[in-house]
Each structure stands twice: as C-alpha cells, then as structure tokens.
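Undergrad: this one's sequence-less:
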C-alpha cells in the first residue's frame with residue numbers, strides 16, 4: 001500500500017534503487033497523511049494508543065490510503081511482533097504455521113500483530129480460524145479490505161474487531177504528498193499549477209498511484225514546465241475505482257437514485273455517467289431508472305414510466321454508445337418530473353393489510369355466480385351495477401365483511417396526482433352520501 005507522511009523520519013538505506021513509495025515510508029503514525037480522523041488524539045486509534053491497549057481491527061478503505069503502513073506502525077507503537085500475510089496467497093497450512101509461531105512468541109512473552117491483507121478473500125472456515133487466537137490474546141488481528149465488511153466478513157469475526165473506515169486522499173492531502181516527494185527527489189515537478197492539479201486528479205485519491213505518476217514525470221527530465229494538455233498527452237488517467245459487483249456498484253446506483261429523487265438532473269447525469277465510465281451494463285441502468293419512475297414519480301407523472309421504457313427499447317435497438325443518450329435523457333426527465341411515492345406507499349400498505357387479514361373472503365355481493373347453485377347460495381346477491389347508479393357510482397363496500405375500511409392511496413398535491421386527489425375526494429364524498 002502507499003506510505004503517506006508529512007516529514008521523513010525513517011533511516012535511509014543505500015541498498016540499491018527503491019520505488020519512491022518505499023523511500024517515503026512513514027516511520028511514525030503522526031507522519032501518515034489523510035487519515036487524521038482515525039489517528040488524531042480524539043480519533044479511535046489515537047484513543048486506543050493513548051489508553052495503552054490495541055484491539056483487533058478491520059481497516060476498510062480504497063487502495064493506496066495507507067492500510068498496510070498503519071498496521072505496521074501500530075505494531076511498532078505497541079511493541080508487538082509484526083507479521084503480514086495476504087489472503088490471496090495464504091492457504092490452510094500456511095495459516096497453521098503462522099498461528100503456531102504466534103503461540104510460541106506468546107509463550108516467550110511477545111505478542112503478535114497479524115496483518116491480513118485482502119482479508120475478505122478468506123472463506124468462512126478460514127475466518128473462523130482466527131477467533132480462538134483473538135479471544136485468548138495470542139494475536140491482535142488487523143485485517144485490510146477494500147470491500148464492505150458487513151457483506152464479506154463473518155459476524156463472529158466482526159463482533160471481535162472494530163471496523164475503521166479509511167478515506168480516499170483529498171487533493172489537499174495529495175498536494176502534501178507531492179511536496180514530500182519533491183523534497184525527497186530534490187527538485188520540483190516540471191508542471192505548471194493546473195497541470196500539477198491534473199496530475200493529482202489522475203491519482204484518484206490513491207497515494208501510491210500519485211507517487212508512481214510523480215516518478216514517471218520526474219524521469220522525463222524536462223527543461224520547461226508542462227501544462228495540463230501536455231501532461232494529459234503523456235500520461236493516461238487512472239481508471240476509476242468501480243466494481244460492478246462490489247460496494248462501489250451499490251454506492252453509485254444509490255447516488256443516482258437519490259439524485260433523481262432530489263430533482264437534481266446535473267447530479268443524476270454525473271452518477272449515471274460515472275457508472276457507464278466504470279463499465280456498468282446500460283441494461284442494468286435502464287431497469288433501475290424504470291424502477292425510479294415507478295417508485296418515486298408514480299402517478300404524479302404517468303408518462304415517466306413510458307419515457308423510461310421507450311428509452312430502454314431505444315437502447316436495445318441502437319446499442320452503445322448511441323442508445324446511452326436515450327437513457328441519459330430519461331434520467332434527466334425523471335429528475336425534473338414531479339415526485340410522488342403515494343402509489344408505492346399504498347402498495348406496501350395493501351400488502352401489509354393482505355398479510356394481516358388472512359383468508360377473509362370477498363363479500364357475497366361481488367362474488368361471481370356463473371351457476372344456478374351459486375346464485376341460490378347468494379353469490380352476487382345485492383350487487384349494484386355502478387353504471388346504473390346515480391353519478392355512475394354505487395358506493396358499495398368491496399372489502400371483506402367485518403373489515404374496517406382502510407385508506408391506502410393518498411395522492412400528493414403535485415403533478416397529475418393533483419387531479420387524482422380531486423377524484424379521490426369526490427368519490428369519498430359520494431361514498432359518505434350513499435352510506436348516510
């Protein structure tokens with residue numbers, strides 16, 4: 001992982017060329033950049049160290065934000081032996097050796113901080129294997145993951161470890177890291193101000209990626225400063241962090257949905273574009289925006305659902321990239337449409353009532369009577385044909401006998417539902433009139 005810091009304190013080694021990220025490896029926790037919320041005096045790790053106790057941890061965050069570095073420095077701060085393994089390359093036999101070595105250290109009075117990179121890659125049985133050693137104090141487990149621990153780690157392991165969230169590095173943090181790199185290299189980067197910011201944006205919050213980019217720029221040995229266009233011509237922007245089956249997938253579709261619900265077309269288009277740039281299947285997006293039309297707009301704009309379905313059909317006919325424009329236009333339409341979840345709320349309330357009322361039959365007057373026997377038994381007796389009633393409305397009850405009449409659908413005073421509200425109120429007045 002990238003090692004991020006303000007001031008160098010690690011002794012320099014002269015054992016051959018090393019990557020810039022390794023040369024800038026922090027020697028103390030207070031040298032780590034970008035994670036002040038965790039490491040500050042009032043942060044969870046700062047409080048632990050101040051109290052003289054370190055519990056097992058799961059460090060959750062994107063690549064290149066210092067998870068490995070923090071684990072290594074925590075071991076140094078607490079006088080624990082640091083052991084690092086990767087869940088990708090470690091099998092059951094390897095784990096047994098690691099556990100046995102930790103038990104041996106403990107018998108000699110030495111604790112072990114076991115750092116497990118990509119801990120979510122271990123299966124349930126392997127994760128369970130850590131529990132006895134965590135409970136008896138043989139190891140302090142520090143796991144690192146880029147995936148949501150709630151979905152990827154066992155509940156038993158999570159109950160014994162505190163989850164700490166590491167943040168992607170801000171532009172301000174990346175600028176501090178850039179300055180430290182320039183001090184280590186002994187020269188400034190050959191970039192003007194906008195190009196310098198472009199370089200940092202290319203790193204996309206990843207400190208290690210930034211230091212790799214800095215090394216590339218430095219190797220060009222330019223005599224004049226580059227502008228943003230010149231830099232972009234020489235370097236490729238780092239691919240955005242997006243996993244179509246992982247946490248980023250759910251975070252971005254949530255952002256898109258809430259931007260539409262919040263009537264912000266610019267934000268909605270941004271998140272829509274972010275997902276496309278990340279390689280998301282446009283058909284998935286077509287399905288989700290159609291759901292938004294049904295769930296958050298509903299009858300406030302009955303046309304919204306048709307707009308989404310037609311955009312979906314347009315994409316199926318044109319494919320990418322032309323068909324994606326139709327989906328983008330549907331997203332814009334949804335964001336600006338009047339919003340109502342009255343239909344969604346009514347549907348859920350009706351489902352809940354259906355579960356609670358069991359198997360109550362319909363009232364006899366609306367039960368079909370296709371045979372003489374059924375008519376003799378009273379099926380359909382007393383049914384009032386609404387077309388023959390005054391105002392075309394009989395006001396009869398269509399709920400099971402003995403069931404108090406509920407009210408599920410309550411239109412909002414927005415869009416087309418204003419008209420539906422008038423109709424609903426009209427029929428309620430007529431129903432009350434017929435009843436009286």
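TA: On my side now, so go ahead. Because the structure is a prediction, the values reported are computed rather than measured.

Undergrad: For burial, what's the neighbour tally of residue 309?
TA: Residues contacting residue 309 under the criterion other C-beta atoms under 10 Å number 14. Placement of C-beta: from N, CA and C, glycine included.

Undergrad: Check which helix or strand it maps to.
TA: Applying DSSP states H and E as the criterion places residue 309 in helix 303-318.

Undergrad: List the buried residues of that helix.
TA: Going by neighbour count (16 or more other C-beta atoms under 10 Å), the buried part of helix 303-318 is 304, 305, 307, 308, 311, 312, 314, 315.

Undergrad: what do you get for stretch 376-392?
TA: Buried-residue list, stretch 376-392, by 16+ other C-beta under 10 Å: 379, 383.

Undergrad: now stretch 252-269
TA: Buried residues in stretch 252-269, counted by 16+ other C-beta under 10 Å: 252, 253, 255, 256, 257, 259, 260, 261, 265, 267, 268, 269.

Undergrad: Now the fifth one: closest residue in space, sequence neighbours ignored.
TA: The shortest distance from residue 257 to any non-neighbouring residue, by C-beta to C-beta, 6 or more residues apart in numbering, is to residue 292 (5.8 Å).

Undergrad: again, but for the first one
TA: The spatially closest residue to residue 252, leaving aside those adjacent along the chain, is residue 275, at 5.2 Å (C-beta to C-beta, 6+ apart).

Undergrad: Same question for the third one.
TA: Sequence neighbours aside, residue 271 is the residue nearest to residue 255 in space, at 4.5 Å (criterion: C-beta to C-beta, 6+ apart).

Undergrad: for the one you found, what are its contacts?
TA: 252, 255, 256, 259 (C-beta atoms under 8 Å, 6 or more residues apart in numbering).

Undergrad: Could you pull up the residues touching the last one?
TA: This points to residue 259. Each residue near residue 259 by C-beta under 8 Å, 6+ apart is listed here: 267, 268, 270, 271, 335.

Undergrad: Those into TSV, with extra columns for secondary structure, distance to residue 281 and pLDDT?
TA: Compiled in TSV, those are given as follows (DSSP: H, G, I helix; E, B strand; the rest coil; distance: C-beta to C-beta, whole Å; pLDDT from 0 to 100):
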residue	secondary structure	distance to residue 281	pLDDT
267	helix	22	94
268	helix	18	95
270	helix	19	94
271	helix	15	94
335	helix	21	96
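
Undergrad: Which single one of the residues you listed is nearest to residue 429?
TA: Among the contacts of residue 259, residue 335 lies closest to residue 429 (C-beta to C-beta), at 36.1 Å.

Undergrad: Just the pLDDT for the residue nearest to residue 257.
TA: Note on residue 292: pLDDT of 96.

Undergrad: ok, so what distance separates it from residue 429?
TA: For residue 292, the distance to residue 429 (C-beta to C-beta, to the nearest Å) stands at 34 Å.

Undergrad: who's more crowded, the two?
TA: For residue 292 versus residue 429, the count of surrounding residues by other C-beta under 10 Å is larger for residue 292: 24 against 10.

Undergrad: The stretch 1-150 of the chain: strands as residue ranges?
TA: Taking DSSP state E, counting those that start in this stretch to define them, one finds strands in the stretch 1-150 of the chain at 57-60, 81-86, 112-117, 139-145.

Undergrad: what's in contact with the last one?
TA: When you say that, I think you mean strand 139-145. Contacting residues not belonging to strand 139-145 are listed as 1, 54-60, 67-68, 71, 74, 78, 80, 99, 102, 111-120, 130, 133-134, 152-153, 161 [C-beta under 8 Å, 6+ apart].

Undergrad: Okay, now the sheet partners of it, with direction.
TA: Strand pairing for strand 139-145, using DSSP bridges, gives strand 57-60 (parallel), strand 112-117 (parallel).

Undergrad: what distance separates the shortest one from the centre of its chain?
TA: So that's strand 57-60. How far strand 57-60 lies from its chain's middle: 17 Å, per C-alpha atoms, centre = their mean, to the nearest Å.

Undergrad: Could you check it and say which residues are buried?
TA: Buried, per 16+ other C-beta under 10 Å, within strand 57-60: 57, 58, 59, 60.

Undergrad: Contacts only, for the last one.
TA: Residue 60 makes contact with 145, 146, 147, 148, 149, 163, 164, 165, 166, according to C-beta under 8 Å, 6+ apart.

Undergrad: could you redo the last one with a cut-off of 7 Å?
TA: Neighbouring residues of residue 60 by C-beta atoms under 7 Å, 6 or more residues apart in numbering: 145, 149, 163, 164, 165, 166.

Undergrad: Tell me, how many residues neighbour the closest residue to residue 264 other than its chain neighbours?
TA: Distances taken as C-beta to C-beta, 6+ apart place residue 335 nearest to residue 264, at 6.1 Å, with adjacent residues excluded. Neighbour count of residue 335, defined by other C-beta under 10 Å: 23.

Undergrad: In helices, which of the contacts of residue 271 appear?
TA: Of these, the ones assigned to helices by DSSP state H are 252, 255, 256, 259.

Undergrad: I'd guessed the first one sits against residue 274; true?
TA: Same thing as residue 252. Yes - between residue 252 and residue 274 there is a contact under C-beta atoms under 7 Å: 5.7 Å.

Undergrad: sorry, back to before: what's the helix or strand for the residue nearest to residue 257?
TA: Per DSSP H and E, residue 292 falls inside helix 282-292.

Undergrad: Going by neighbour count, list what's buried in that helix.
TA: In helix 282-292, counting by 16+ other C-beta under 10 Å, buried: 282, 285, 286, 288, 289, 290, 292.

Undergrad: Take those residues and write them to TSV, including distance to residue 390.
TA: Converted to TSV, the buried residues of helix 282-292 look like this (distance: C-beta to C-beta, whole Å):
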residue	distance to residue 390
282	53
285	50
286	47
288	46
289	44
290	41
292	41
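
Undergrad: most centrally placed residue in the protein?
TA: Computing the C-alpha centroid of the chain and ranking residues by C-alpha atoms, centre = their mean puts residue 251 first, at 2.5 Å.

Undergrad: Make CSV out of the contacts of residue 60 and add neighbour count.
TA: Output for the contacts of residue 60, formatted as CSV (neighbours: other C-beta atoms under 10 Å):
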residue, neighbour count
145, 22
149, 20
163, 16
164, 20
165, 12
166, 21
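
Undergrad: quick one on the thing from earlier: minimum distance to residue 365: which of the strands paired with strand 139-145 has it?
TA: Among the strands paired with strand 139-145, strand 57-60 comes nearest to residue 365, with 60.7 Å by C-beta to C-beta.
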